Structures are given as C-alpha cells and as structure tokens.
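> make a model of this:
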Amino acid sequence: MRARLLIIVLGLLALVGCSSAGGSGSAEPAANEADAMFSLQMIPHHRQTIEIAKVAMEKSKDEFVVNVADKIATAEAGEIEQMATYLRSWNIQVPGDDAAAAHKMAGMMTAKDVEALKAASGKQYDDLFLATLSRHLRSGVDMAKSAQAKGEHIGSKALAGKIIVSQTEVLDQIATKQKS
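As a prediction, the model looks like this:
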C-alpha cells in the first residue's frame, strides 16, 4: 500500500510540478513528497479516528470518553477538509474511504482492533477505547512530526504542528484519566 501511494505521489508531483496552492507568484514554497504523503496518509488515519469516536459517543456512558471522542472527531473532520483542499490544489486525488485498505497502513488500527472495540461494553469498552485511541493518536503525532521535519509547504507544516499540539494534549488528558 505504501509503495503504491509513493509511486502515485511521485508521478503526480512530477506531472504538475507540485505547484503551491497560491499559484504562480506565491511566496509559499511548493509542496514536496513529504507534504503530499502526509495528507494522503493522515486523511484515512483521521477517518478511522472519527469512526471509533462516533462509536464512543453512542456506546460510552463515561462523560470523559464522550467528550474526548466528540472533541477529536470535530477537530479531525476539519483537518480532513484542509488536507483535501491541499491535495486538490496539487492535483492529487483525495483518498477514498476504503476502510479495508486503510487498515493495512502503518499506524492504523486493524479491522480486528475496530471489531474488538465495537464488541466491548461498559467500563471494558471505555478502557479499551482510551487505550486504542492513545496508540492511534501517538502514531498520528509521529506522522505529523515527520511531516514537519521533511515537508516544505507552509500550510501542511502548520497543520502538522497543530495536530502535534492538539493530539498530545488529548494523550496527556487520557494518561491523567487512566491514572485516576
């Protein structure tokens, strides 16, 4: 999956010259492969987070779990739109909603992980959700750090920074909750 994405990104970047979203004359640096890969991988990653967050908002009776799920789903829905806008501006197709393919990407929950989460209930569900979400968010933070280090596009790097801060904040809140 990653090799196929890389080939697609490299081909598209070469084809369009990876022009910036601002068009010619823009002071913003053009996007590079790291910027494109960040959006291509983070969009399915965020979609998976939203999927499990919606389940948490329906199943959990724990106010903390419901609030975290709502907060993360709302933030990530907006971030998906921002990344999709970048991809379209670079003439790169926005990833489809193929859950089976997404489960195979690095940092993603497997189908078995998601099913186990959906099958759990009560406190077991809440504990499993928080543990699963923590692992998932840590992989998102790692992806965002890589994008910041290797990317060139100002908007993508800023979004990566925002993701690092917001997801680290959620991770800290979850850690505090798990200790109590």
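
> who's in contact with Ser156?
Ala31, Asp35, Phe38, Ser39, Met83, Tyr86, Ala147 (CB atoms under 8 Å, 6 or more residues apart in numbering). The way it works is simple: take the backbone N, C-alpha and C, and place the C-beta from them, glycine included.

> how near is it to Val55?
For Ser156, the distance to Val55 equals 29 Å [CB to CB, to the nearest Å].

> go through this structure and flag its longest helix.
If each helix of the chain is counted by residues according to DSSP state H, the longest one is helix 122-150.

> quick check: Thr132 touching Leu117?
Yes: between Thr132 and Leu117 there is a contact under CB atoms under 8 Å: 5.7 Å.

> shared neighbours, the two?
Residues touching both Thr132 and Leu117 (CB under 8 Å, 6+ apart): Ile52, Met109.

> on that earlier part again, which strands and helices lie in contact with the longest helix of the chain?
Identification of packing neighbours for helix 122-150 by 3 or more CB pairs under 8 Å, 6 or more residues apart in numbering; DSSP states H and E yields helix 33-59, helix 63-89, helix 111-119, helix 154-179.

> please report how far Gln148 lies from Ile163.
9 Å.

> which one of the two has more residues nearby?
The neighbour count for Gln148 versus Ile163, taken as other CB atoms under 10 Å, is higher for Ile163 (25 against 18).

> what distance do you get for that one to Ser146?
Distance, Ile163 to Ser146, using CB to CB: 11 Å.

> and for His136?
In terms of CB to CB, His136 sits 16 Å off from Ser146.

> looking at these two, which is more packed in?
With neighbours defined as other CB under 10 Å, His136 and Ser146 compare such that His136 has more, 20 against 15.

> helices and strands of this structure: which one bottoms out on pLDDT?
Taking mean pLDDT, DSSP states H and E as the measure, the chain has helix 2-16 as its least confident helix or strand, at a mean of 46.

> list the buried residues for stretch 61-79?
In terms of neighbour count (16 or more other CB atoms under 10 Å), stretch 61-79 has its buried residues at Asp62, Val65, Val66, Val68, Ala69, Ile72, Ala73, Ala75, Glu76, Glu79.

> now this protein, which segments are flagged as low pLDDT?
Scanning the chain for pLDDT under 70 picks out 1-29, 99-104, 106.
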